[in-house]
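Enquirer: sequence plus the predicted model coming up.
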Amino acid sequence: MRLFIFLLLAGACFLLYRHWSRQQTKAKLLAQPLSQEERETVEDAVPLVKRLPPELRLQLEGKINLFLNQVKFYGCNDFEIDDRMRLSIAAQACLLVVNTDSWYDTLRTILIYEGAFKSRNIEQEGYVITEQETVRIGESWARGPVILSWEHTEKGAQHHDGHNVVFHEFAHQIDNLSGHTDGAPLLHRNHDFADWKRVFVSAFDRHHNDVKQGRRTLIDAYGAQAIEEYFAVVVELFFERPIDLQYEEPEVYEQLSQLFKLDPMTWQ
Ligand SMILES: [Zn+2]
């Protein structure tokens, strides 16, 4: 009996120590700035970072360290991965969580193709199962991994045209932190879910209708496919064309601003 109690206590101590040690490592990584060389690479690969207010830039660097410590990158079809790719993807992914406690807890793997890649989709409707092959530039799986085309990742970060595959796929990762990818991410304590739902459901309906009528829209037509896609495409605009999104859909901008605790319209 004594041996059992001893083993139980030893096990509990070990778990407590492991938790403490992980927290220590996490705090150290978050407090650590990037090296000058890494900083220059990030600024060159993701120019948007240069617009961030100084306090957010420090937070971003700590989160990039944490991200790179947690996530492994693999090249597909012998594609070789280098530090610029890792830093670029980490910086873009961390921009979405730079000012909140949200984190990609279950993400461990990022797969990178040189360019667009083929993906197999299996869909079931009743007893009918169909398999389709589609060409994609990015994919986000529930609880990870994320799959990206490097060609489109690099272009997306260089041009602030409202299209950014990394923001898109990581918006899905954030959406999925609630357990479902349904356009309803976990909100902070003071963020009213009824407001979120009202704004997003009506904005999605409006967009869906505009696309159906063949009208030109600021928001990518792909967002009309489903509300979770609408969420992902407006996240791309929120960071890359905040003024246009605020003008077009002020309530959507306001909701995203509350979600990310950011106001990109004010970044110079
Ligand atoms: Zn999507």
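Expert: Looks like it arrived, so ask away. Residues are numbered from 1 along each chain as shown.

Enquirer: would you mind listing what in the stretch 101-250 of the chain touches the ion?
Expert: By the rule Cβ under 5 Å from the ion, the part of the stretch 101-250 of the chain lying against the ion is 229, 232. C-betas here are computed from N, CA, C, even on glycine.

Enquirer: residue 135 belongs to a strand?
Expert: Yes: counting by DSSP: H, G, I helix; E, B strand; the rest coil, residue 135 falls inside a strand.

Enquirer: could you find the closest non-adjacent residue to it?
Expert: residue 116 (5.1 Å; Cβ to Cβ, 6 or more residues apart in numbering).

Enquirer: and the one you found, how many neighbours?
Expert: As a burial measure, residue 116 scores 14 neighbours (other Cβ atoms under 10 Å).

Enquirer: now for it: which residues touch it?
Expert: Counting by Cβ atoms under 8 Å, 6 or more residues apart in numbering, residue 116 makes contact with 135, 136, 137, 149, 151, 152.

Enquirer: for those, which single residue is the most surrounded?
Expert: residue 149 (23 neighbours).

Enquirer: check the gap between the residue nearest to that one when sequence neighbours are not counted and residue 147 for me.
Expert: Of all residues not flanking residue 149 in the chain, residue 137 sits nearest, at 4.3 Å (Cβ to Cβ, 6+ apart). For residue 137, the distance to residue 147 (Cβ to Cβ, to the nearest Å) stands at 9 Å.

Enquirer: joint contacts of these two?
Expert: Joint contacts of residue 137 and residue 147 (Cβ under 8 Å, 6+ apart) are residue 117.

Enquirer: where are the low-confidence patches of the protein?
Expert: For the chain, no stretch is flagged by pLDDT under 70.

Enquirer: helix or strand for the most centrally placed residue in it, which one?
Expert: Most central in the chain under Cα atoms, centre = their mean is residue 170, positioned 2.0 Å from the mean C-alpha point. Using DSSP states H and E, residue 170 falls within helix 165-176.

Enquirer: can I get that helix in PDB, CA atoms only?
Expert: Presented in PDB, the C-alpha positions along helix 165-176 are these (Å, rounded to 0.1, in the frame of the first residue of the first chain):
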ATOM      1  CA  VAL A 165      -3.600  31.600 -48.500                       C
ATOM      2  CA  VAL A 166      -1.900  31.500 -45.100                       C
ATOM      3  CA  PHE A 167      -4.400  33.800 -43.400                       C
ATOM      4  CA  HIS A 168      -7.100  31.800 -45.100                       C
ATOM      5  CA  GLU A 169      -6.000  28.400 -43.800                       C
ATOM      6  CA  PHE A 170      -5.100  29.600 -40.400                       C
ATOM      7  CA  ALA A 171      -8.500  31.400 -40.100                       C
ATOM      8  CA  HIS A 172      -9.900  27.800 -40.500                       C
ATOM      9  CA  GLN A 173      -7.500  26.600 -37.700                       C
ATOM     10  CA  ILE A 174      -8.800  29.400 -35.400                       C
ATOM     11  CA  ASP A 175     -12.400  28.600 -36.400                       C
ATOM     12  CA  ASN A 176     -11.800  24.900 -35.500                       C
END
